[in-house]
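A.B. asks: Mind folding the following:
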Amino acid sequence: MTPEELCSDGLLSVKDAAKFLGVSRSKFYELIDSGLLPFAQFMGEIRARHAKRIPKRALIEFAARSLVKAERFTNGTSNANRRPGT
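C.D. replies: Numbers count the residues shown, from 1 in each chain. Below is the predicted model:
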């Protein structure tokens, strides 16, 4: 995927991107620093850490890759409402 395609859905601030994934900002910075998520760096900001913007499409793809496959959902039914032993 080209950078243009990756950014086509827009860019989010670190605060909004962390909220989107449901993690703290410090955990989100760990994801960025580990190279798991791409970001755009905009110069001219006093605090460069706050100048990072994350492509929304990258967040969606990251979340999709992070999904855990649960057996109860693979056959299209959920056992969440069943009582044990039934």
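A.B. asks: residues of the helix or strand where Ser26 lies that come out buried?
C.D. replies: Element membership of Ser26, judged by DSSP states H and E, is helix 25-33. Neighbour counts over helix 25-33 (16 or more other CB atoms under 10 Å) mark Phe28, Tyr29, Leu31, Ile32 as buried. (Each C-beta comes from the backbone N, C-alpha and C, glycine too.)
A.B. asks: if I look at Val68, how far off is Lys15?
C.D. replies: For Val68, the distance to Lys15 (CB to CB, to the nearest Å) stands at 26 Å.
A.B. asks: Of these two, which one has the most company?
C.D. replies: A count of neighbours by other CB atoms under 10 Å puts Lys15 above the other of Val68 and Lys15, at 11 against 5.
A.B. asks: so where does Leu6 fall, helix or strand?
C.D. replies: Remark: Leu6 resides in helix 3-7, with elements defined by DSSP H and E.
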